[in-house]
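>>> Predicted structure and sequence below. I'll ask about it afterward.
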Amino acid sequence: MKGRAPSRRDLLRAPTLLPSACAIGDTPAVVFTDRAVEAGLQNARNVSGAPLNKQTLLEEMGGGVALFDYDNDGWLDIFLVNGASFQSPPGARKPASYLFRNNRNGTFTDVTQKAGLTASGWGQGCCVGDYNNDGFEDLFVTYWGRNVLYRNNGDGTFTDVSQKAGVAGSGRRWGAGCCFLDFDRDGHLDLFVANYVNFDPKQAPRPGEAAYCRFNDLAVPCGPQGLAGGSNLLYRNRGDGTFEDVSEESRIAFPRGPSSPAFVPQNWRPAGSYGMGAAAADFDNDGWPDIYVACDTAPSLLYRNNHDGTFREIGVAAGCAFDENGVAMSGMGVGVADYDGDGWLDIVRTNFSDQLTTLYRNNGDGTFHDASLAAGLGVNRKYLGFGALFFDFDNDGWKDLFLANGHVYSQLASLKLHISYKERRILYRNLGNGRFEDVSSKSGPGITAEHVGRGCAFGDLDNDGDIDVVVNNLDAPPSLLRNDGGNRQHWLMIKCVGTRSNRSAIGARVKVSFAGRERIDEVMSGSSYYSHNDLRLHFGLGAAEMVDRVEVAWPSGLKETVDNVRANQLVVIQESKGVVKTDSFRARTK
């Protein structure tokens, strides 16, 4: 068993240094407000088939969000994955995804066409990473059909290099969650792609036509049951701009297959797993990235890195495949963080309505136990969760939890049941004792407003020291949830730049020590539901005005420390060179 994490009362025993800080047990008020219209995002309407009477599974899934600085100006930009429609009239303009450039004043400009991000189709997930180590973040987008890799040209434009790079796929798969990772630690980013199901709209039954096409006696689109699961993919970066499909030799394509990684029977075939959300992180603290995949109506997967170019799937043995009753949930999104402050990464997974959001607490050895009820997540069971984010919304030093919700059955919209089609978001405040409190009702209209939420991502969009959220809403414009009040307590943001490691520093583990406490985080690509968060790491510091030590464990194996770092600034740490830049962002407080 792990030791007890410091409680919120322990955290606040330090002298109060900020005039806005509240008494012990209280937190400064934080309100989230949807600023999408003011920001200029109101015309970025998501398209996903028929809005009011969806007929197929594909129309229900929606797309992700990526928050990344594509032009290296120090401000996060917004990419929104878009879908398509079966009902578009001949000659109609096909929907495309959206890229919005940050204007640095709270507004954004649509630069999609100028940037060359013009591919259309049934877009699903997205992830970001500098795969060619040229200093500019590249973008990968999954589709039902061929996937797309956009190479960042460094001049505000992107080039579709999917076919040349070897990652477009066969065109017959349903690409879902994705993440860049350096699984062999050679300094070049590799790429993992989860695949959902094998789907053909021409052969798929319509609502009510089969056993899996009814919900509470209501005819609805058929779920994944009855369809073959898609097999996951791993591409190894050759270092020359191209990738090699190593799914089978790495054993990614054989979850729960033969026990020996060196031997695969001749008649063995890649196994489907109904993969959706995916995240790569070091769950056993051995310095090598593992991969977690949330699976729909099937046991979720944990691929443990064997350090030799292969993986072993251990989800069941590691305790993160089922719920505490041994039941496979309808997993959607994945969030990863050390929520209890013990130095080990934990996992949250969103599930279907009437299923509990699953919180897997790390046992301190890379295995997990279901802590959902013990953590207080049993108060909400009726919501269907998609996006999942761990982030410290009030800068008190504890990772809180945000969930984007929305049902899949549009047929519910006109009915009055215990569940609804549009649903509010959920914001859980971390109490610092292993439990969470639902603070949704007092966290502003951006949380309580009802939408059909799908992918979501977090990052400090206005560089003011607190974390904002963008949600991609099905059949509607996105929501930009601005954090008002989160920066009343202290914070530190760290950007890691690799030299021997991959330039994006994906896989770098950072530990900060302040006021007698330690917090870790890891630079990750992908996660949530089909989405990608800010690569800069954000640490809430509570009342602490100084970080005693910052320790970085780079993917290359190099370890560095920086002492006595002032709070309320961005610190850029370059591998082997230490701090190369700081920025206080003018210390703005909203």
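That came through, no problem. Residues are numbered from 1 along each chain as shown.
>>> gap between the two ends of stretch 222-232?
With CA to CA, to the nearest Å applied, stretch 222-232 spans 22 Å between its terminal residues.
>>> residues of it that come out buried?
Within stretch 222-232, the residues scored as buried using 16 or more other CB atoms under 10 Å are 222-224, 227, 229-232. Heads up, the C-betas are built off the backbone N, CA and C, glycines and all.
>>> Stretch 339-356 too?
Quick answer for stretch 339-356 (16+ other CB under 10 Å): 339-342, 344-353, 355-356.
>>> how far out from the middle of the chain is stretch 59-75?
Remark: stretch 59-75 is offset 11 Å from the chain centroid, using CA atoms, centre = their mean, to the nearest Å.
>>> Mind listing what's buried along it?
Those would be 59-71, 74-75, for stretch 59-75 by 16+ other CB under 10 Å.
>>> In contact with the residue nearest to residue 324 when sequence neighbours are not counted, which residues?
Excluding its sequence neighbours, the residue lying closest to residue 324 (CB to CB, 6 or more residues apart in numbering) is residue 370, at 3.7 Å. Counting by CB atoms under 8 Å, 6 or more residues apart in numbering, residue 370 touches 319, 323-324, 358-361.
>>> now residue 215
The contact partners of residue 215, by CB under 8 Å, 6+ apart, come to residue 409.
>>> Mind listing the residues bridging to it?
Applying DSSP bridges to residue 215 yields these beta-bridge partners: residue 218.
>>> Would you check how far apart residue 463 and residue 570 are?
Counting by CB to CB, to the nearest Å, the gap from residue 463 to residue 570 is 8 Å.
>>> hey, what's in contact with both of the two?
With contacts taken as CB under 8 Å, 6+ apart, residue 463 and residue 570 have residue 585 as neighbours in common.
>>> can you give me the offset of stretch 73-90 from its chain's centre?
For stretch 73-90, the separation from the chain centroid amounts to 17 Å (computed by CA atoms, centre = their mean).
>>> meant to ask about stretch 343-351
How far stretch 343-351 lies from its chain's middle: 11 Å, per CA atoms, centre = their mean.
>>> Identify the spatial nearest neighbour of residue 71, chain neighbours not counted.
Nearest to residue 71 is residue 156, by CB to CB, 6+ apart, at 5.7 Å.
>>> repeat for residue 166
residue 243 (4.8 Å).
>>> need the contact list for the one you found.
Shown in contact with residue 243 (CB under 8 Å, 6+ apart): 165-167, 190-191, 235-237.
>>> What of residue 581?
570-572 are the contacts of residue 581 under CB under 8 Å, 6+ apart.
>>> Take these and write them to a markdown table, including distance to residue 543 and pLDDT.
Listed next are those as a markdown table, based on distance: CB to CB, whole Å; pLDDT from 0 to 100:
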| residue | distance to residue 543 | pLDDT |
| --- | --- | --- |
| 570 | 20 | 98 |
| 571 | 19 | 98 |
| 572 | 25 | 98 |
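>>> who's in contact with residue 65?
Contact analysis of residue 65 by CB under 8 Å, 6+ apart lists 78-81, 126, 455-457, 470-472, 478, 528, 531-532.
>>> Show me the beta-bridge partners of it.
Here residue 65 sits in beta bridges with residue 80, going by DSSP bridges.
>>> any low-confidence regions in the stretch 201-350 of the chain?
Along the stretch 201-350 of the chain, the parts satisfying pLDDT under 70 run over 257-269.
>>> can you check the stretch 351-500 of the chain too?
For the stretch 351-500 of the chain, no range has pLDDT under 70.
>>> Can you show me the strands along it?
For the stretch 351-500 of the chain, the strands defined by DSSP state E, counting those that start in this stretch occupy 358-362, 368-370, 385-391, 400-405, 426-430, 436-438, 453-459, 468-473, 479-484, 490-497.
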